[in-house]
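In: Sequence first, predicted coordinates after that:
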Amino acid sequence: MKKTTFFSACLSILWIYMLLLLPSCNDNDPEVVPEESIQSKVVKDFYLADLKELLKNNNLPDITGFIDGNTDEIRVQALKVSCKSGHPDGSADEIDLSGILLLPHSSDRATSYPQIIAPPFTYTLNAEAPSIQYASDDVLQSLKEYLVCWTMVAADGYVVIIPDYPGFGDSHGQCFTPYVEAKPLVRTTLDFIMAADQVAGENGYVCRPELDVCGYSQGAYVAASLARELETNASHGYTVDLLMIGGTPCNLLQIAGLAMASDVFSPSYFLPYAIWGYKKNGYPDLNIAALLLEPYAGNSFQYFDGFYPDIDHAFPEKTAELYTEAFRQGDQTNPTVRQVDEILAENSLKPWKNRCEFLMIHGMEDRSVYFQNAKDYAEEHRSAGGTVTFTSVPGDHGQAGTAYFLQVITRFIILKN
């Protein structure tokens, strides 16, 4: 949900994290995306020198020594992929989905490539949609740190699929993003995966149907919801080898309850973002004015138009200044409070008997996506017959994000080599 920040690091720190963090030992049926609706174009070729510059500009250690190849070869090709998908409000309308497909350098097109599905964390600016970031003229200077991470992983031989969320990229202005609303997020992500796989095939890449599904914060919510759907519904044609998530909003009702019981909650836009998403998509009868105080009930929709530059300061952090007393007190005699509680419970992650390897990381001082929410979910998941390795790390939501992506680099690049 919150943007992760990579701190300045050195290679020795990376190895320390490798030792500390490595774990011990729905009903959605999306329609097949019509082939004629799928389009793609190369937006950036990354050479070895580009990878080094990306790492340097983000104060990250130079790990290109783990990546084989010549300096004059394209190490990663970033393609923007576009396709059609159903509107997240469940109507008959369609939207134009978009996102990024990262293809590694290939010396043998007969190779069967592993692929990673990597939904992004929360963003509210259209300029931060992955497809727009990779197409930027100054991509080497401006690419977000988590996308730098996935670019490095792709350079080491993985096909990486990074969707834009509905309401951003090509679908900006066509819908409001279904923030933490499971069904439309899973459905649109599956549509984009199928489109990206077709494009990969057209470019000579044979992708394995066994997926690694990874994400942090909102990306973790989407990744976990997607993995659950794929493991409980074989009709999609994919299986999951690894689910690797961090900072995961699992129990949305618990998170909201903890936030309402606190004097302050930050980032303060998280809950309004979710509330407006529910209102504009699956739950149009939701009464915003029963949850948010004025002027936010009336005018806060404007902050999520994809252009508002200072979302972190658009809402007060003091809960008493933003939310109605009925919402803060959890007043079950109020029909809207009961309704939003039901919505949050419905969209919370449900346990399942997973077959994939399942890793969770969470910061012990996380006050945005509370640590207790994730810890309780891991215990609930095990009680339901599933298996999960839960790793707690020091730090808040952002600091734990650093730990998560260092583990990604360790697992997919350093240990692989």
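Out: Looks like it arrived, so ask away. Residues are numbered from 1 along each chain as shown.
In: which stretches of the stretch 151-300 of the chain form strands?
Out: Taking DSSP state E, counting those that start in this stretch to define them, one finds strands in the stretch 151-300 of the chain at 159-163, 206-216, 239-246.
In: quick one: strands adjacent to the shortest one?
Out: Applying DSSP bridges, strand 159-163 is found paired with strand 94-104 (antiparallel), strand 112-117 (parallel).
In: Sketch out the low-pLDDT regions of this structure for me.
Out: 1-36, 69-70, 107-110, 417 (pLDDT under 70).
In: Pairing partners for the longest strand seen in it, with directions?
Out: As assigned by DSSP state E, the longest strand anywhere in the chain is strand 74-86. Paired strands of strand 74-86, with direction, are strand 39-47 (antiparallel), strand 94-104 (antiparallel) (DSSP bridges).
In: now for the following helix or strand past the first one, which elements pack on it?
Out: Yep, that's strand 39-47 we're talking about. Sequence-wise, the next helix or strand downstream of strand 39-47 (DSSP states H and E) is helix 48-57. The criterion is 3 or more CB pairs under 8 Å, 6 or more residues apart in numbering; DSSP states H and E, and the helices and strands that helix 48-57 contacts are strand 74-86, helix 139-142, helix 145-155. In short, each C-beta sits where N, CA and C put it, glycine included.
In: what angle separates the last one from strand 94-104?
Out: I take that to be helix 145-155. For helix 145-155 against strand 94-104, the angle by axes from the mean of the first three to the mean of the last three CA atoms, to 10 degrees is 60 degrees.
In: Show me how far helix 145-155 is from its chain's centre.
Out: Centre-to-centre, helix 145-155 and its host chain are 14 Å apart (CA atoms, centre = their mean, to the nearest Å).
In: Output the contacting helices and strands for it.
Out: Secondary-structure packing of helix 145-155 (3+ CB pairs under 8 Å, 6+ apart): helix 48-57, strand 74-86, strand 94-104, helix 130-134, strand 159-163, helix 397-409.
In: Would you map the helices across the stretch 301-417 of the chain?
Out: Secondary structure of the stretch 301-417 of the chain (DSSP state H, counting those that start in this stretch): helices at 319-322, 325-329, 335-346, 371-383, 397-409.
In: Relative to its centre, which residue of this protein is most distant?
Out: No residue in the chain sits farther from the centre than residue 333, which is 35.1 Å out by CA atoms, centre = their mean.
In: What sits closest to residue 341 if chain neighbours are left out?
Out: In this structure, residue 341 finds its nearest non-sequential neighbour in residue 253, 5.9 Å apart by CB to CB, 6 or more residues apart in numbering.
In: how many other residues sit next to that neighbour?
Out: As a burial measure, residue 253 scores 18 neighbours (other CB atoms under 10 Å).
In: correct me, but it touches residue 347?
Out: No - with contact defined as CB atoms under 8 Å, residue 253 does not reach residue 347; the gap is 9.0 Å.
In: Spit out the residues that contact those two alike.
Out: Counting by CB atoms under 8 Å, 6 or more residues apart in numbering, residue 253 and residue 347 have no shared contacts at all.
In: Chain neighbours aside, what residue packs nearest to residue 199?
Out: Going by CB to CB, 6+ apart, residue 199 has residue 40 as its nearest residue, at 4.4 Å.
In: Go through stretch 225-233 and list whatever outside residues touch any part of it.
Out: Residues outside stretch 225-233 that contact it (CB under 8 Å, 6+ apart): 26-29, 117, 119, 182, 185-186, 189-190, 211, 213, 236, 238-240, 243, 349-350, 352, 354-356, 358.
In: Kindly apply the preceding question to stretch 163-171 instead.
Out: For stretch 163-171, contacts defined as CB under 8 Å, 6+ apart pick out 82, 85, 88, 95-100, 119-120, 123, 126, 128-132, 174-179, 184-185, 188-189, 192-193, 306.
In: Are any of these buried, and if so which?
Out: Burial of the contacts of stretch 163-171 was assessed by neighbour count (16 or more other CB atoms under 10 Å); the buried members are 82, 85, 88, 95-100, 119-120, 123, 126, 128-132, 174-179, 184-185, 188-189, 192-193, 306.
In: got the CA positions of stretch 309-324 in CSV?
Out: Below are the C-alpha coordinates for stretch 309-324, written out as CSV (Å, rounded to 0.1, in the frame of the first residue of the first chain):
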residue,chain,number,x,y,z
PRO,A,309,0.6,15.6,-6.4
ASP,A,310,0.5,15.6,-2.6
ILE,A,311,-1.8,12.8,-1.5
ASP,A,312,0.1,12.2,1.7
HIS,A,313,-1.2,15.6,3.0
ALA,A,314,-4.7,15.6,1.4
PHE,A,315,-6.3,14.1,4.5
PRO,A,316,-5.8,14.7,8.3
GLU,A,317,-4.0,12.0,10.2
LYS,A,318,-6.2,12.5,13.2
THR,A,319,-9.0,10.0,12.9
ALA,A,320,-11.4,12.3,14.7
GLU,A,321,-11.0,15.0,12.0
LEU,A,322,-11.6,12.6,9.1
TYR,A,323,-14.1,9.9,10.1
THR,A,324,-17.6,10.1,11.6
